[in-house]
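Peer 1: Build the 3D model from these lines:
(one chain, ligands or ions: 1)
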Amino acid sequence: MVTVIGLGFVGLTTAVGFSAKGHKVFGYDIDDAKAELIRSGSIPFYEPGLEEALHHGLSHNLEIVGESQLNRALVTSDVIFYCVGTPCADDGTANLSYLCQAIENTAEKFEGSLKTVVVKSTVPPQTTKRVIRPLLEQMGLRIGVDVGLAVNPEFLREGHAWEDFISPDRVVIGCDDKLSRATLNALYQPFAVPVFFVSYSAAEFIKYMSNTLLATMISFANEMSMVADKFEDIDVKQSFHLLSMDKRWSGTPASMTSYVFPGCGFGGYCLPKDTLAFIRKAEETGHHPGLLNSVLKVNDEVKEFVVSKIAAKVPLEETIGILGLAFKPGSNDTRGTPAADIIRLLMQRGYQHIVAYDPMAMSEFRDNYPFRVAYVNSLEEMSKSAKYLVVLTAWSEFKEKQHLFDEGSVLDFRYFL
Ligand SMILES: NC(=O)c1ccc[n+]([C@@H]2O[C@H](COP(=O)([O-])OP(=O)(O)OC[C@H]3O[C@@H](n4cnc5c(N)ncnc54)[C@H](O)[C@@H]3O)[C@@H](O)[C@H]2O)c1
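Peer 2: Residues are numbered from 1 along each chain as shown. Okay, the predicted model is just below:
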């Protein structure tokens, strides 16, 4: 039996995923309203396939428990997954307080029965060895004797979370004791994919390599697009498509090559915070990661570039229509979205008439960013509200309905129209 602590993008997918693979699963979230919503069969974000799988789980082997049933879940489970947030602290390091709190609050309820503690949240190298292990030991739990301890990073992509979890490319587990190894090997058997056991720090490191590589690819493309703009006679979109036709890329799936393509900066919950947290962790060792610092710098510069391109075309008194608020298409997540920074910079420049539209993320954006912008409910409405359009998210709807707009009035910062 499995208990999943924290039912956000990762935790909910993990809980539903293990239940779909035949395990009895308990899910718990400290946010009662979120837990209640999930218990009623709804998911608090957009994720294709997940809600249907949740319904199936709830009618079979998935139970969303509240505080009062958490003890029962913990005592009867063999494995406890921790999937709580690890946001950026003020100094850029990973804030581990939610994770430590969640482990402290639950480990005191283990009541002597043998179980494996699994960190699924993204944590910097050495966290499990230097923070989580000592935390459990201070609570009197001996690793490998009273509890197993493992770190099992998650590589899912928002918008594809369900398929990524159910069909992972590989499973990476950092552990140091036989109990964790045997338990997790058995747990992942139904997935029929290779499971690799590495050290705690290697598992943590691989996750950061994955995210910082993607961030680096995006910043490379964005830097190239800004340089290309200076040369004036380069079709940026065509140039990148021709770049990817090189046979040395052949066999690389489009889902990977798409990261070497310009836009208006990377965003979302993970890439910005994980790149910064990894820089801070590297600095602790005395190494100053110049490349990764530049990756973040370019990510800021590209937004300034977008705003300067808009300013060169759009008079201050005109209305700007923002097309796309989600950090990527197919998602309603607006955490760290470039749209927020770009709107802020436009307002600082003096633009006062901004109208926004997103097919899916308008209420999330409105809740998270209290900008004085107007919202419209369709592209048709947008075509009547704003003379100049700025594309910030590559939603297919924008391409399908681009006939609504005068070509000369659209600034496409996703290079896809
Ligand atoms: N979002 C992604 O695409 C993604 C992908 C891979 C890894 N990750 C990592 O996974 C972790 C979770 O990310 P997320 O996007 O699911 O975050 P999230 O903010 O969507 O969800 C975290 C959940 O944990 C709950 N929580 C916090 N403290 C708790 C506690 N003490 N007990 C129970 N629940 C508690 C919160 O209420 C929230 O629902 C982070 O470390 C993130 O970096 C995220």
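Peer 1: mind listing the strands for the stretch 101-250 of the chain?
Peer 2: 115-119, 147-151, 171-175, 195-198 (DSSP state E, counting those that start in this stretch).
Peer 1: can I get those in CSV with mean neighbour count?
Peer 2: Any C-beta I mention is one placed from the backbone N, CA and C, and that applies to glycine too. Output for the strands of the stretch 101-250 of the chain, formatted as CSV (neighbours: other Cβ atoms under 10 Å):
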stretch, mean neighbour count
strand 115-119, 27
strand 147-151, 25
strand 171-175, 23
strand 195-198, 16
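Peer 1: for the ones you listed, which one sits closest to the ligand?
Peer 2: strand 115-119 (9.0 Å; Cβ to the nearest ligand atom).
Peer 1: what sits against the one residue in the stretch 301-417 of the chain that gets nearest to the ligand?
Peer 2: Of all residues in the stretch 301-417 of the chain, D333 sits closest to the ligand, at 7.5 Å by Cβ to the nearest ligand atom. Contacts of D333 were listed using Cβ atoms under 8 Å, 6 or more residues apart in numbering, and they are F9, F45, E158, G268, Y269, A326, F327, A361, E364.
Peer 1: Neighbours of the second one, how many?
Peer 2: Put plainly, it is F45. By other Cβ atoms under 10 Å, 17 other residues sit near F45.
Peer 1: for the fourth one, same thing?
Peer 2: As a burial measure, the neighbour count of G268 was computed by other Cβ under 10 Å and equals 21.
Peer 1: Likewise for Y82?
Peer 2: By other Cβ under 10 Å, the residues close to Y82 number 25.
Peer 1: Hmm, it is touching Q101, no?
Peer 2: No - taking contacts as Cβ atoms under 8 Å, Y82 lies outside contact range of Q101: 10.3 Å.
Peer 1: And the residue of this protein that's closest to the ligand?
Peer 2: G8 (1.8 Å).
Peer 1: Quick one: residues contacting that residue.
Peer 2: D29, C83, V84, G85 are the contacts of G8 under Cβ under 8 Å, 6+ apart.
Peer 1: Nearest residue to the second one in space, please, no chain neighbours.
Peer 2: Across the structure, with Cβ to Cβ, 6 or more residues apart in numbering as the measure, the residue nearest C83 apart from its sequence neighbours is G11 (3.2 Å).
Peer 1: Quick check: P87 vs A215, distance?
Peer 2: Look at P87 and A215: by Cβ to Cβ, to the nearest Å, they are 17 Å apart.
Peer 1: now I322
Peer 2: Taking Cβ to Cβ, one finds I322 at 23 Å from A215.
Peer 1: can you map out the helices along the stretch 301-417 of the chain?
Peer 2: 338-349, 362-368, 379-385, 396-400 (DSSP state H, counting those that start in this stretch).
Peer 1: Dump the ones you listed to TSV, plus distance to V119, mean neighbour count and mean pLDDT.
Peer 2: Below are these laid out as TSV (distance: least, Cβ to Cβ, whole Å; neighbours: other Cβ atoms under 10 Å; pLDDT from 0 to 100):
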stretch	distance to V119	mean neighbour count	mean pLDDT
helix 338-349	30	19	98
helix 362-368	27	16	97
helix 379-385	43	16	97
helix 396-400	37	15	97
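Peer 1: As JSON lines, those helices with distance to the ligand would be great.
Peer 2: Below are the helices of the stretch 301-417 of the chain laid out as JSON lines (distance: least, Cβ to the nearest ligand atom, whole Å):
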{"stretch": "helix 338-349", "distance to the ligand": "17"}
{"stretch": "helix 362-368", "distance to the ligand": "12"}
{"stretch": "helix 379-385", "distance to the ligand": "28"}
{"stretch": "helix 396-400", "distance to the ligand": "21"}
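Peer 1: can you tell which of the ones you listed is closest to S40?
Peer 2: For S40, the closest of the helices of the stretch 301-417 of the chain is helix 362-368, at 19.0 Å, according to Cβ to Cβ.
Peer 1: residues in the stretch 1-150 of the chain within reach of the ligand, list them.
Peer 2: Taking Cβ under 6 Å from any ligand atom as the contact definition, the stretch 1-150 of the chain meets the ligand at 5-11, 28-31, 34, 83-86, 98, 101-102, 105, 121-122.
Peer 1: which stretches of the protein have low pLDDT?
Peer 2: For the chain, no stretch is flagged by pLDDT under 70.
Peer 1: tell me the domain boundaries of it?
Peer 2: In the domain annotation for the chain, the residue ranges read 2-198, 234-412 (automatic domain parsing).
Peer 1: Wait, A15 touches V25, no?
Peer 2: Yes - with contact defined as Cβ under 8 Å, A15 counts as touching V25 (5.1 Å).
Peer 1: So between the two, which is more surrounded?
Peer 2: Comparing A15 with V25 by other Cβ under 10 Å, the one with more neighbours is A15, at 30 against 27.
Peer 1: same for the helix or strand hosting that one, what does it pack against?
Peer 2: Using DSSP states H and E, A15 sits within helix 9-20. Using 3 or more Cβ pairs under 8 Å, 6 or more residues apart in numbering; DSSP states H and E, the elements in contact with helix 9-20 are strand 2-5, strand 25-28, helix 50-58, strand 62-65, helix 161-166.
Peer 1: Redo the ones you listed as JSON lines? Include distance to L187.
Peer 2: Shown next, in JSON lines, are the helices and strands packed on helix 9-20 (distance: least, Cβ to Cβ, whole Å):
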{"stretch": "strand 2-5", "distance to L187": "7"}
{"stretch": "strand 25-28", "distance to L187": "11"}
{"stretch": "helix 50-58", "distance to L187": "16"}
{"stretch": "strand 62-65", "distance to L187": "15"}
{"stretch": "helix 161-166", "distance to L187": "13"}
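Peer 1: My guess is T3 contacts D29. True?
Peer 2: No - taking Cβ under 8 Å as the definition, T3 is not a contact partner of D29, at 11.6 Å.
Peer 1: For the residue nearest to C83, give its distance to Q238.
Peer 2: Taken as Cβ to Cβ, the span from G11 to Q238 is 42 Å.
Peer 1: Which of these two has more residues huddled nearby?
Peer 2: G11 (24 against 10).
Peer 1: buried stuff in stretch 202-213?
Peer 2: Residues A203, E204, F205, I206, K207, Y208, S210, N211, T212 are the ones in stretch 202-213 that count as buried (16 or more other Cβ atoms under 10 Å).
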